[in-house]
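> model the structure of this input:
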Amino acid sequence: MKVPLLPSAKKPLIFAHRGASAYAPENTMAAFKLAQTLGAPGIELDIHRCASGELVVFHDDTTARLCPGTSYSIIDTQWTTLQTLYICSWNGSQYQP
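I've put the predicted structure just below:
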């Protein structure tokens, strides 16, 4: 039996790629919550395992695009290093740590 995907949602289904990444730092809870507020019925995200074994929600294989001045490989970097990075500084001061 085929079960319909989100039967009560309007069609076509528009999923938020990395959350509402045009407005909030991508792949963050802020972007996911904003996507829901804007009416997206779902989100898309990517998950990598870093060098110390933790799962990391991050689209790219490296930090270069989202953390200017860095170029860490996600799979080769420890969580203790990754968690110190400031993601998407261009999204606005409300997202600064």
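> residues in contact with the longest helix belonging to the chain?
Criterion DSSP state H: the longest helix present in the chain is helix 29-37. Counting contacts by CB atoms under 8 Å, 6 or more residues apart in numbering, the residues outside helix 29-37 that touch it are 16, 18-21, 23-25, 43, 45, 95. The way it works is simple: take the backbone N, C-alpha and C, and place the C-beta from them, glycine included.
> in this structure, which spans are strands?
15-17, 42-44, 47-49, 55-57 (DSSP state E).
> in its sheet, which strands sit next to the third one, and in what direction?
Next to strand 47-49 in the sheet, as set by DSSP bridges, lie strand 55-57 (antiparallel).
> how about the first one?
When sheet partners are counted by DSSP bridges, strand 15-17 sits next to strand 42-44 (parallel).
> and the strands of the chain, which is most packed in?
Of all these, strand 15-17 has the most neighbours on average by mean count of other CB atoms under 10 Å, namely a mean of 18.
> give the rounded mean pLDDT of that one.
Per-residue confidence for strand 15-17 averages out to 91 on the pLDDT scale.
> next: stretch 25-35.
91.
> can I get that stretch in PDB, CA atoms only?
The C-alpha trace of stretch 25-35 is given here as PDB (Å, rounded to 0.1, in the frame of the first residue of the first chain):
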ATOM      1  CA  PRO A  25      22.200  30.600   8.900                       C
ATOM      2  CA  GLU A  26      21.700  27.400   7.000                       C
ATOM      3  CA  ASN A  27      21.200  24.100   8.800                       C
ATOM      4  CA  THR A  28      20.600  25.800  12.100                       C
ATOM      5  CA  MET A  29      17.600  25.500  14.400                       C
ATOM      6  CA  ALA A  30      16.900  29.200  13.600                       C
ATOM      7  CA  ALA A  31      16.700  28.300   9.900                       C
ATOM      8  CA  PHE A  32      14.500  25.200  10.500                       C
ATOM      9  CA  LYS A  33      12.100  27.100  12.800                       C
ATOM     10  CA  LEU A  34      11.900  30.000  10.300                       C
ATOM     11  CA  ALA A  35      11.100  27.600   7.500                       C
END
